[in-house]
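Trainee: I'll drop the sequence and a predicted model, then ask my questions.
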Amino acid sequence: QVQLVESGGGVVQPGGSLRLSCAASGRIFSINGMGWYRQAPGNLRELVATIISDGTIRYTDSVKGRFTISRDNAKRTVDLQMNSLKPEDTAVYYCNARLRTTNSGPLYIYWGQGTQVTVSS
């Protein structure tokens, strides 16, 4: 089995910072990409940032210049540094990984359990 365990959510005032971390463990042969998504109440889950194995990074427009995604391939972790947080960043943040469990197997998508980020004064 594969597990994604997130940490680092919480409550912060507007303009503050938080750092989210996610660690993948279990039967993993290789990880193609990791990233972060978020879902606010009443909204669909949306991409925040992703990073794939060749280092290509993608951010949603609303977080560009404020959020930074980083990945440690050896540790199988992905972090999201969130600065200049705004109330509209409030959501449950989910870690995501696209990986293979065997050498020639298909890519599977796994999700973490989610961590709440609340930006409020």
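Mentor: Arrived safely, thanks for sending.

Trainee: contacts and neighbour counts: CA atoms only from here.
Mentor: Will do.

Trainee: so which residues make contact with stretch 15-25?
Mentor: Identification of contacts with stretch 15-25 by C-alpha atoms under 8 Å, 6 or more residues apart in numbering yields 2-10, 12, 75-86, 95, 112.

Trainee: next one: that stretch to chain centre, how far?
Mentor: Here stretch 15-25 is found 8 Å from its chain centre; the criterion is C-alpha atoms, centre = their mean, to the nearest Å.

Trainee: check stretch 51-69 too.
Mentor: 10 Å.

Trainee: end-to-end on it?
Mentor: Terminal residues of stretch 51-69 are spaced 7 Å apart (C-alpha to C-alpha, to the nearest Å).

Trainee: I'd like the average pLDDT over it.
Mentor: For stretch 51-69, mean pLDDT rounds to 96.

Trainee: for G112, phi and psi?
Mentor: When read as degrees, to the nearest 10, the backbone of G112 gives phi -80, psi 180.

Trainee: and the gap between it and P14?
Mentor: From G112 to P14 the distance is 26 Å (C-alpha to C-alpha).
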